[in-house]
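K.L.:
this one's sequence-less:
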Ligand code: DGL
């Protein structure tokens, strides 16, 4: 093993704060790993933008993360995983993992009645990427997809337990219930923060799949396979660094509500320069 390389950080990126739900799972499940997180807070949301735009943004972010000497990259955004992961992983030697494949695999393994629901941004849902991956695993599975664009701003307002959020959830998820899915993929970084509400609306018989957890497990296997897992001997004081393209303070407040750490210094960078 090349120790210096193994001790390098993992680059994790998202359109903003949502990818912290993925970073959180990496911190929990791979505690020896260091992380450089980038949230593209100046240019979010990604969920309503075109494939070309998301590809341009993702390429810039990869170039920035390369300046931080990362050893691997996690595309912690469903929309960027749907629109850009294929291209950017062909363009770079860095090992990369997105959130969609791990989520799709888990959902296909979890369903008993072979009826899976997928909720996400407009971009992710209209790309049909979850449906296509699930059908590659088992073409007999029925996949019901639904864009839930209001969930992202509601989470960012911290209206997690709010009656308005419940009403919105009931309306969005009505179709999923009628279609009798027994498994529901939370196909957007923000949705795990609404997990208990979504679980209550769907009912206890429906399995909720959080791709963030599965992605952390997939990353663990990828690092082991490539001999890149951090041996954990480097005792840097705080192994996580955070960068954003705008409003570092706002990011910090949100991050501190998701993560069990004080994110401390968050640095703003000009991503358009990369
Ligand atoms: N991070 C995005 C995703 O998972 C949601 C927020 C956005 O639209 O930028 O698709």
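P.N.:
The structure has been received and is ready for your questions. Here the structure is a predicted model, which means the values were calculated and not measured. Residues are numbered from 1 along each chain as shown.
K.L.:
quick check: the most centrally placed residue in the chain vs residue 207, distance?
P.N.:
Nearest residue to the geometric centre of the chain (C-alpha atoms, centre = their mean): residue 76, 3.3 Å. Residue 76 sits 22 Å away from residue 207, going by C-beta to C-beta, to the nearest Å. For every residue, glycine as well, the C-beta is placed using N, CA and C.
K.L.:
that older thread, contacts only, for the residue nearest to the centre of the chain.
P.N.:
By C-beta atoms under 8 Å, 6 or more residues apart in numbering, the contact set of residue 76 is 12-14, 18-19, 21-23, 99, 189, 212, 215.
K.L.:
which of those residues fall in strands?
P.N.:
Taking DSSP state E as the definition of strands, those contribute 12-14.
K.L.:
could I get the residues you listed as JSON lines with pLDDT and distance to the ligand?
P.N.:
Below are those laid out as JSON lines (pLDDT from 0 to 100; distance: C-beta to the nearest ligand atom, whole Å):
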{"residue": "12", "pLDDT": "98", "distance to the ligand": "12"}
{"residue": "13", "pLDDT": "98", "distance to the ligand": "10"}
{"residue": "14", "pLDDT": "97", "distance to the ligand": "5"}
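K.L.:
show me how far the helix or strand hosting residue 60 is from its chain's centre.
P.N.:
Per DSSP states H and E: residue 60 is located in helix 51-67. Taking C-alpha atoms, centre = their mean, to the nearest Å, one finds the center of helix 51-67 at 16 Å from the center of the full chain.
K.L.:
do stretch 192-207 as well
P.N.:
Relative to its parent chain, stretch 192-207 has a centroid offset of 18 Å by C-alpha atoms, centre = their mean.
K.L.:
name the residues of that stretch that are buried.
P.N.:
Residues of stretch 192-207 classed as buried: 192-194, 197-198, 201-202, 206-207 (neighbour count, 16 or more other C-beta atoms under 10 Å).
K.L.:
residues in contact with it: which ones?
P.N.:
By C-beta under 8 Å, 6+ apart, the list of residues contacting stretch 192-207 reads 21, 110-111, 117, 151, 154-155, 160-161, 165-166, 169-170, 173, 176-177, 181-184, 186, 191, 208, 210, 212, 258.
K.L.:
is that stretch in proximity to the ligand?
P.N.:
No. Using C-beta under 6 Å from any ligand atom, stretch 192-207 stays clear of the ligand, with a minimum separation of 10.3 Å.
K.L.:
name the residues of the helix or strand of the chain with the lowest mean pLDDT that are buried.
P.N.:
In the chain, no helix or strand scores lower on mean pLDDT, DSSP states H and E than helix 248-258, which sits at a mean of 86. Buried positions in helix 248-258, judged by neighbour count with 16+ other C-beta under 10 Å: 248, 251-252, 254-255, 258.
K.L.:
which parts of the stretch 1-150 of the chain are strands?
P.N.:
10-14, 35-39, 72-75, 96-98, 115-120, 142-147 (DSSP state E, counting those that start in this stretch).
K.L.:
turn these into a markdown table, including distance to residue 62.
P.N.:
Listed next are the strands of the stretch 1-150 of the chain as a markdown table, based on distance: least, C-beta to C-beta, whole Å:
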| stretch | distance to residue 62 |
| --- | --- |
| strand 10-14 | 8 |
| strand 35-39 | 10 |
| strand 72-75 | 7 |
| strand 96-98 | 9 |
| strand 115-120 | 22 |
| strand 142-147 | 27 |
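K.L.:
including mean neighbour count and distance to residue 1, could these go into TSV?
P.N.:
Formatted as TSV, the strands of the stretch 1-150 of the chain follow (neighbours: other C-beta atoms under 10 Å; distance: least, C-beta to C-beta, whole Å):
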stretch	mean neighbour count	distance to residue 1
strand 10-14	27	16
strand 35-39	25	20
strand 72-75	26	14
strand 96-98	23	20
strand 115-120	27	37
strand 142-147	19	40
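K.L.:
what's the burial count for residue 27?
P.N.:
Residue 27 has 18 neighbours, counted by other C-beta atoms under 10 Å.
K.L.:
residue 184 should be in a helix, yeah?
P.N.:
No. In this structure, residue 184 is strand, not part of a helix, as judged by DSSP: H, G, I helix; E, B strand; the rest coil.
K.L.:
OK, contacts around it?
P.N.:
Residue 184 touches 116-119, 176, 198, 202, 206-209, counting by C-beta under 8 Å, 6+ apart.
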